[in-house]
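Asks: With the input below, show me the fold.
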Amino acid sequence: MAAVALTVTGCGQATAGRAVPGAERPSPVSTARSTTTTTAEFVPDYSNTALCKLLTAQEAEGLGGAPEGKPLNSTADGHAQCQWSADTSVTLGFQKGVHSTDARTDPGYTNTPTTVQGLSAMQSVTTDPIEICQILVDVSPDAVIYGVAANRSGGEGKYQPCDVANQLINIVIPKVTQR
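Replies: Reported below is the predicted structural model:
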């Protein structure tokens, strides 16, 4: 089974008293699925380099990220990701075979169903060891695009991870649904 992972790789400098995540944590898949979801009307497929093209340098810098994204693949299962790291660590990912309701449900995670641009989504937040906010959006019946945000030491006090993740996903979703 596929797993959706909260991802913050290469966070860099730690804030005093806070650990710096260096790799993804494996994620269990929820068995509960909503039967009344709204998804985009196409089946997307994004490579890591295609994900990196979904943000302009100005958009990435506005989110506290670097002007250029770094193409990555999930260490958990190899799905495509792109990351922009500066004051914040901002990651965009694409994964097939999962649904927004598959967000991690481990202790310490708070999941809140939501919508993004009319599409079913899930906001997933953890604060241990740092605050990481992820928004998973159902872009097809069997695929998600997700945005993740966490502060690096330069972003502490300047950015709120869930505000950044919401801004990121609201920039990206109109671009992927206008095909």
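Asks: Mind telling me which residue is nearest the centre of the protein?
Replies: By C-alpha atoms, centre = their mean, the mean C-alpha position of the chain lies nearest to Gly147, the distance being 2.5 Å.
Asks: so where is the protein shaky, pLDDT-wise?
Replies: Applying pLDDT under 70 to the chain flags residues 1-44, 179.
Asks: Confirm Ser89 sits in a strand?
Replies: Yes. Under DSSP: H, G, I helix; E, B strand; the rest coil, Ser89 sits within a strand.
Asks: where's it relative to Gln167, distance?
Replies: 14 Å (C-beta to C-beta, to the nearest Å). Every residue, glycine included, has its C-beta placed from N, CA and C.
Asks: Between those two, which has more neighbouring residues?
Replies: Ser89 (29 against 19; other C-beta atoms under 10 Å).
Asks: Sketch out the strands for the chain, chain order is fine.
Replies: All strands of the chain, identified by DSSP state E, fall at 70-73, 80-85, 88-96, 109-116, 119-126, 132-140, 143-151.
Asks: list the buried ones in the top helix by length along the chain?
Replies: If you go by DSSP state H, the chain has its longest helix at helix 161-177. By 16 or more other C-beta atoms under 10 Å, the buried positions in helix 161-177 come out as 161-162, 164-169, 171-173, 176-177.
Asks: Stretch 59-73 now?
Replies: The neighbour-count check on stretch 59-73 (16+ other C-beta under 10 Å) flags Glu59, Ala60, Glu61, Leu63, Gly64, Gly65, Ala66, Gly69, Leu72 as buried.
Asks: thinking again about what came up before, ok, so what distance separates the residue nearest to the centre of the chain from Pro107?
Replies: With C-beta to C-beta as the criterion, Gly147 and Pro107 are 24 Å apart.
Asks: can you check Lys53 too?
Replies: 37 Å.
Asks: again, but for Gln123
Replies: Taken as C-beta to C-beta, the span from Gln123 to Pro107 is 17 Å.
Asks: Looking at those two, which has the bigger crowd around it?
Replies: Set Gln123 next to Pro107 and count neighbours by other C-beta under 10 Å: Gln123 wins out with 20 against 7.
Asks: for the nearest residue to the more buried one once chain neighbours are set aside, what are its contacts?
Replies: Leaving aside its chain neighbours, Gln123 sits nearest to Thr112 (4.6 Å; criterion: C-beta to C-beta, 6 or more residues apart in numbering). Counting by C-beta atoms under 8 Å, 6 or more residues apart in numbering, Thr112 makes contact with Met122, Gln123, Ser124, Val125.
Asks: what's the neighbour count on the last one?
Replies: Just to be clear, that refers to Val125. Val125: 19 neighbours (other C-beta under 10 Å).
Asks: surely it meets Ile132?
Replies: Yes. With contact defined as C-beta atoms under 8 Å, Val125 reaches Ile132; the gap is 7.1 Å.
Asks: I am finished for the moment; much appreciated.
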